[in-house]
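S.K.: Any chance you can model this:
(one chain, ligands or ions: 2)
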Amino acid sequence: MKGIFDSLRKTRNAVFGQIIGILGGGEITAESWEELEALLIQGDVGVHTALLLVERLREAVREEGLYQTADLQRLLRKEIGALFPEQTDPLNLDWPLAVILIVGVNGSGKTTSIAKLALRLKKQGRKVILAAGDTFRAAAIEQLSIWGERVGVPVVQGEPGGDPGAVVYDAIQIAKSRGMDTLIIDTAGRLHTQHNLMEEMKKIRHIVSKRVAWGPHETLLVLDATTGQNGLSQAKHFLAAVDVSGIVLAKLDGSAKGGMVLSISAQLELPIRFVGTGERKEDFAPFDKDAFIQGLLGEE
Ligand SMILES: Nc1nc2c(ncn2[C@@H]2O[C@H](COP(=O)(O)OP(=O)(O)OP(=O)(O)O)[C@@H](O)[C@H]2O)c(=O)[nH]1
Ligand SMILES: [Mg+2]
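M.R.: Numbers count the residues shown, from 1 in each chain. Ligands and ions are numbered 1, 2, ... in the order given. Presented below is the predicted three-dimensional model:
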């Protein structure tokens, strides 16, 4: 199983390691600030978040009367940490049937992340069932059922091209009749139009909410870490249409753009619940901000 530290190797090597390089010794000069800002932006932290970080660091340096770049390194770790909530609550699954809706653009890593999450919850003793709510893309149902078999979790599926609402409806009935306690719903990443996609998400939510008290209890948006800042603007479409409760950041291992995590926290104001750290079913970890900071900047 790959952890967060390993999965950030590309990000660390591409950019963040250099930050440690420029903060390796000597006095803080105007150039240190410029280089730091440029590297943060290059590392896909996002302009807004990069400027915010530099501003906070400048303030701290002024207040504490510091002048050495080594101090800046310590402060950088601290200020990055401050972008994240102190603690992330556990998933809200304390229900007779907890329903988790998974959304995200096509190819972001939804189906894989569902399987990984299902396996994780199963190991925790939960009775998990999956619903193949992506009826649009021909191979999607098949893919989910293959993953279901791999992780040993049943999958409720409908007809390709059928109504995803009907699949979700059936899945809820089956889950209840079989005494399952967790339903995870896969959804389409693409329909004919973006508008249709958003309407479908709303419809699925509506069906769940009518059949399961307070459901869906979690709506996780899967983002592809390799898309960096672009992924972030896509995320905003979903956030405008559906009530998202958290982020799953897939493919952190394949990305040199792990810096985007900082702007997810600073701009979307949503907790990152899990990260995908590889292609295997075990390559999945709860987000841990200390491991993340070490992964970005190296061990202290
Ligand atoms: N390296 C790596 N690859 C991943 C990870 N998660 C998913 N992938 C790969 O990303 C590709 C897309 O993943 P899917 O789970 O099919 O994505 P999806 O969002 O369900 O895609 P659609 O059903 O087309 O909308 C696959 O090749 C996965 O193996 C990860 O954490 N690390
Ligand atoms: Mg899929």
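S.K.: so what pLDDT did the residue in the stretch 201-300 of the chain positioned nearest to ligand 2 get?
M.R.: Closest to ligand 2 within the stretch 201-300 of the chain is V222: 9.3 Å, counting by C-beta to the ion. All C-beta atoms are positioned from the backbone trio N, CA, C, and that covers glycine. pLDDT recorded at V222 is 96.
S.K.: give me every residue that touches the closest residue to it other than its chain neighbours.
M.R.: In this structure, V222 finds its nearest non-sequential neighbour in G104, 3.6 Å apart by C-beta to C-beta, 6 or more residues apart in numbering. By C-beta atoms under 8 Å, 6 or more residues apart in numbering, G104 lies in contact with K110, G189, L221, V222, L223, D224, F238, V248.
S.K.: mind checking how far I184 is from ligand 1?
M.R.: 12 Å (C-beta to the nearest ligand atom, to the nearest Å).
S.K.: Report the buried residues of the helix or strand containing S209.
M.R.: In the assignment (DSSP states H and E), S209 maps to helix 194-211. Neighbour counts over helix 194-211 (16 or more other C-beta atoms under 10 Å) mark L197, M198, E200, M201, I204, R205, I207, V208, R211 as buried.
S.K.: and the fifth one, what pLDDT?
M.R.: Confidence at I204, expressed as pLDDT, is 96.
S.K.: Then the third one?
M.R.: In the prediction, the pLDDT value recorded for E200 is 91.
S.K.: Please identify the residues of the stretch 201-300 of the chain in proximity to ligand 1?
M.R.: Residues of the stretch 201-300 of the chain lying close to ligand 1 (C-beta under 6 Å from any ligand atom) are A250, K251, D253, G254, G276, T277, G278, E279, D283.
S.K.: Quick check: the fourth one touching G228?
M.R.: No - using C-beta atoms under 8 Å, G254 makes no contact with G228, being 11.9 Å away.
S.K.: more crowded one of the two?
M.R.: Using other C-beta atoms under 10 Å, the more surrounded residue of G254 and G228 is G228, with 20 against 17.
S.K.: coming back round to it: could you look up the next helix or strand downstream of the helix holding S209?
M.R.: Next along the chain after helix 194-211, taking DSSP H and E as the criterion, comes strand 218-224.
S.K.: helices and strands around that following strand, which ones?
M.R.: The contact analysis (3 or more C-beta pairs under 8 Å, 6 or more residues apart in numbering; DSSP states H and E) places strand 218-224 against strand 98-103, helix 110-123, helix 228-241, strand 246-250.
S.K.: So stretch 175-186, near ligand 2 or not?
M.R.: No - judged by C-beta under 5 Å from the ion, stretch 175-186 and ligand 2 are separated, with a smallest distance of 6.0 Å.
S.K.: For that stretch, measure first residue to last.
M.R.: Stretch 175-186 stretches 15 Å from its first residue to its last (C-alpha to C-alpha, to the nearest Å).
S.K.: ok so, going back, could you list the residues in contact with the helix holding S209?
M.R.: The contact list for helix 194-211 (C-beta under 8 Å, 6+ apart) reads 99, 101, 103, 133, 164-165, 168-169, 172, 185, 187-191, 215-216, 219, 237-238, 240-243.
S.K.: likewise stretch 256-265?
M.R.: Applying C-beta under 8 Å, 6+ apart, the external contacts of stretch 256-265 come out as 7-8, 10-16, 40, 43-46, 48-49, 53, 80, 83-85, 223, 225-229, 231-232, 235, 247, 249, 252, 270, 272, 292, 295-296.
S.K.: Show the buried residues in those residues.
M.R.: For the contacts of stretch 256-265, a neighbour count by 16+ other C-beta under 10 Å gives the buried set as 7-8, 10-12, 14-16, 40, 43-46, 49, 53, 80, 83-84, 223, 225-229, 231-232, 235, 247, 249, 252, 270, 272, 292, 295-296.
S.K.: how about stretch 84-102, does it get close to ligand 2?
M.R.: No - Stretch 84-102 lies out of reach of ligand 2 by C-beta under 5 Å from the ion, never closer than 8.9 Å.
S.K.: rewinding a little: kindly report which one of the helices and strands packed on strand 218-224 carries the lowest mean pLDDT.
M.R.: Mean pLDDT is lowest for helix 228-241 out of the helices and strands packed on strand 218-224, coming in at a mean of 87.
S.K.: now the angle between strand 98-103 and that helix, please.
M.R.: 130 degrees (axes from the mean of the first three to the mean of the last three C-alpha atoms, to 10 degrees).
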